[in-house]
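In: whatever this is, show me its structure:
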Amino acid sequence: MYILKNVTAAQLEPALLQEGVDIAIEGDRIVAVGPDLLSVYPGSRYKEMGGKLVMPGLVCAHNHFYSGLARGIMARIAPCPDFISTLKNLWWRLDRALDEESLYYSGLICSLEAIKSGCSAVIDHHASPSVIAGSLEIISRGFRETGLRGMTCFETTDRNGGLAEMQAGVEENIAFARQIDAARARGEPHLVEAHIGAHAPFTVGESGMAMLREAIQATGRGLHIHVAEDGYDVSHSHHHYGKDLIARLDDHGLINDKTLIGHGLYLSHEDIGILNRRDAFLVHNARSNMNNHVGYNHHLPEYRNLALGTDGIGADMFEELKFAYFKHRDAGGSLWPDSFARFLANGNELLTRNFGARFGRLEAGYQADLTICDYVSPTPLVAANLPGHLAFALNAGHVNSVMVAGRMVYEDRAFALDVAPVYARAREVAQGLWQRMDALA
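Out: All right, here's what the predicted structure looks like:
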């Protein structure tokens with residue numbers, strides 16, 4: 001038994017704030033929350049927390065760890081007047097230039113920085129057309145080596161190699177899901193899970209949709225896909241298939257309660273209705289939408305299930321919540337910080353649906369995935385105004401420690417591993433990646 005003694009327990013959904021309580025943890029689960037738990041569990045190991053703010057772990061619900069070495073990129077990038085040219089000139093060249101080493105370091109760096117930003121889990125969406133087979137295991141090494149909980153999948157697409165590339169992507173998704181199943185059967189820690197991934201409807205033809213449906217049925221996993229990130233996706237679907245985007249996916253049996261849709265800026269009301277009826281999730285990526293100049297999603301209040309992601313712009317969910325809220329207000333939206341706190345908390349619901357365990361509450365039986373902050377407020381801090389503190393004050397600089405599955409993976413602002421050599425090698429690997437991108441121009 002391990003006890004975090006004298007914490008300020010804070011929960012986003014349902015709202016909760018309790019000062020001066022303890023959290024008792026055994027294995028990977030919380031066993032009790034309350035005062036003076038050392039008297040209940042005498043002889044337990046404990047750590048005095050001095051009133052630190054302890055929350056259920058933050059989750060980035062849509063990310064791209066393959067982009068970890070793109071920061072400050074110095075490859076030659078042609079002008080990008082629209083979203084499709086941005087994909088072709090930058091991201092689709094970067095993903096083709098990835099090799100096994102750059103993929104590994106990209107995933108490892110992203111895992112470290114997600115933890116340091118306060119994340120206990122990240123849901124990744126991966127692409128590396130030159131390294132398909134085994135790529136998800138390479139990405140998941142970063143999760144396991146740092147202790148970050150994660151999900152990942154391969155971005156199935158026909159944009160480079162047609163049907164053969166599509167088949168290879170589906171096979172990688174299935175192989176990785178079965179690898180996880182085999183590890184669980186052996187009793188290994190369940191730190192990593194899988195989706196069945198696809199890029200976007202405009203790069204997945206009808207045969208690809210059939211393959212994805214078979215993969216979902218064979219593995220019991222859900223689909224993770226970008227949809228309507230730009231208006232082109234909608235026009236393409238109407239032109240080639242005569243259908244709205246979600247209606248097309250639903251016709252192929254791809255929308256269920258494990259489905260994760262990224263972006264969704266231009267979904268119709270009928271499409272939103274399908275997602276709601278199927279109990280599927282939309283993930284809103286405010287900063288990425290702003291960066292790519294693709295527009296604003298005015299329909300956020302209409303979704304039954306909505307979470308927040310970064311789409312590869314780091315994993316700072318404190319910052320993402322702020323941008324999501326302020327952009328919403330700037331666009332004339334009616335939601336207040338409590339809604340965005342709920343969206344942030346919803347990342348844990350995605351984990352619950354996929355890991356077969358309970359996440360997101362400070363209660364007995366829930367996973368001991370925790371974000372711990374040094375936050376001294378100059379104003380009263382109570383359950384009702386915690387969302388306001390998130391929107392206007394709390395940030396990643398307040399993160400002191402992160403616990404995942406009952407283990408401190410980042411403690412008192414330090415990792416257990418020496419990260420300096422990791423960053424040094426990553427800088428060298430990034431230069432090689434950028435050079436290969438230029439060779440693809």
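In: got the contact list for residue 356?
Out: Under the criterion of CB atoms under 8 Å, 6 or more residues apart in numbering, the contact list for residue 356 reads residue 190. C-beta coordinates here come from the backbone N, C-alpha and C atoms, glycine included.
In: check it and give its pLDDT.
Out: You'll see residue 356 listed with a pLDDT of 95.
In: just the one 4 residues further on next, same as before
Out: According to the per-residue confidence, residue 360 scores 98 in pLDDT.
In: and it, helix, strand or coil?
Out: coil (DSSP: H, G, I helix; E, B strand; the rest coil).
In: show me what contacts it?
Out: Counted by CB under 8 Å, 6+ apart, residue 360 has contacts 11, 13, 56, 345, 348, 349, 351, 352, 366.
In: give me phi/psi at it?
Out: phi 100, psi 0 (degrees, to the nearest 10).
In: and residue 437, that one's in a strand?
Out: No: read with three-state DSSP, residue 437 is helix and lies in no strand.
In: CA atoms only for stretch 201-214, dumped as PDB, please.
Out: Extracted in PDB, the C-alpha atoms of stretch 201-214 (Å, rounded to 0.1, in the frame of the first residue of the first chain):
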ATOM      1  CA  PRO A 201     -12.400   9.300 -45.900                       C
ATOM      2  CA  PHE A 202     -10.900  11.000 -49.000                       C
ATOM      3  CA  THR A 203      -7.900   8.700 -48.900                       C
ATOM      4  CA  VAL A 204      -9.900   5.500 -48.200                       C
ATOM      5  CA  GLY A 205     -11.800   3.900 -51.000                       C
ATOM      6  CA  GLU A 206     -14.700   1.400 -50.800                       C
ATOM      7  CA  SER A 207     -12.400  -1.600 -50.700                       C
ATOM      8  CA  GLY A 208     -10.400   0.100 -47.900                       C
ATOM      9  CA  MET A 209     -13.600   0.700 -46.000                       C
ATOM     10  CA  ALA A 210     -14.400  -3.000 -46.200                       C
ATOM     11  CA  MET A 211     -11.000  -3.900 -44.900                       C
ATOM     12  CA  LEU A 212     -11.400  -1.600 -42.000                       C
ATOM     13  CA  ARG A 213     -14.800  -3.100 -41.100                       C
ATOM     14  CA  GLU A 214     -13.200  -6.600 -41.100                       C
END
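In: for it, could you pull out the residues that count as buried?
Out: 201, 202, 203, 204, 205, 208, 209, 211, 212, 213 (16 or more other CB atoms under 10 Å).
In: what would these look like in JSON lines with pLDDT and distance to residue 333?
Out: Listed next are these as JSON lines, based on pLDDT from 0 to 100; distance: CB to CB, whole Å:
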{"residue": "201", "pLDDT": "97", "distance to residue 333": "27"}
{"residue": "202", "pLDDT": "95", "distance to residue 333": "28"}
{"residue": "203", "pLDDT": "96", "distance to residue 333": "31"}
{"residue": "204", "pLDDT": "97", "distance to residue 333": "31"}
{"residue": "205", "pLDDT": "96", "distance to residue 333": "36"}
{"residue": "208", "pLDDT": "96", "distance to residue 333": "35"}
{"residue": "209", "pLDDT": "98", "distance to residue 333": "33"}
{"residue": "211", "pLDDT": "97", "distance to residue 333": "38"}
{"residue": "212", "pLDDT": "98", "distance to residue 333": "33"}
{"residue": "213", "pLDDT": "98", "distance to residue 333": "35"}
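In: redo the residues you listed as a markdown table? Include distance to residue 306.
Out: Shown next, in a markdown table, are the buried residues of stretch 201-214 (distance: CB to CB, whole Å):
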| residue | distance to residue 306 |
| --- | --- |
| 201 | 20 |
| 202 | 23 |
| 203 | 25 |
| 204 | 24 |
| 205 | 29 |
| 208 | 27 |
| 209 | 25 |
| 211 | 28 |
| 212 | 23 |
| 213 | 25 |
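In: just give me the closest of those residues to residue 292.
Out: Closest approach to residue 292 among the buried residues of stretch 201-214 (CB to CB): residue 202, at 15.3 Å.
In: for the closest one, give me its contacts.
Out: 232, 233, 236, 237.
In: separate out the buried members of the contacts of residue 360.
Out: Counted by 16+ other CB under 10 Å, the contacts of residue 360 give 11, 13, 56, 345, 348, 349, 351, 366 as buried.
In: quick one: contacts for the fourth one?
Out: Applying CB under 8 Å, 6+ apart, we find residue 345 in contact with 11, 12, 13, 56, 360.
In: now residue 344: which helix or strand?
Out: For residue 344, the host element (DSSP states H and E) is helix 337-355.
In: below-threshold pLDDT in this structure: ranges please.
Out: 441 (pLDDT under 70).
In: domain ranges for it?
Out: 2-57+360-410, 61-355 (automatic domain parsing).
In: most tightly packed of the ones you listed?
Out: domain 61-355 (a mean of 20; mean count of other CB atoms under 10 Å).
In: between the two ends of that domain, how far is it?
Out: Its start and end residues considered, domain 61-355 measures 14 Å (CA to CA, to the nearest Å).
In: relative to residue 381, which of the contacts of residue 202 is nearest.
Out: Within the contacts of residue 202, proximity to residue 381 (CB to CB) peaks at residue 233, which comes in at 42.4 Å.
In: residues touching that closest one, list them.
Out: With CB under 8 Å, 6+ apart, residue 233 has these contacts: 200, 201, 202, 226, 227, 245, 266.
In: so where's the longest helix in this structure?
Out: helix 162-185 (DSSP state H).
In: centre of the chain to it, how far?
Out: 20 Å (CA atoms, centre = their mean, to the nearest Å).
In: please name every helix or strand in contact with the following helix or strand past it.
Out: Per DSSP H and E, helix 162-185 leads on to strand 192-194 as the next helix or strand towards the C-terminus. Judged by 3 or more CB pairs under 8 Å, 6 or more residues apart in numbering; DSSP states H and E, the packing partners of strand 192-194 are helix 135-146, strand 149-152, helix 162-185.
In: the helices in the stretch 151-300 of the chain, which residues?
Out: Using DSSP state H, counting those that start in this stretch, the helices assigned to the stretch 151-300 of the chain run over residues 162-185, 206-219, 231-241, 245-251, 269-277, 286-292.
In: how about the ones you listed in TSV, adding distance to residue 123?
Out: What follows is these, written out as TSV (distance: least, CB to CB, whole Å):
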stretch	distance to residue 123
helix 162-185	14
helix 206-219	16
helix 231-241	21
helix 245-251	18
helix 269-277	17
helix 286-292	14
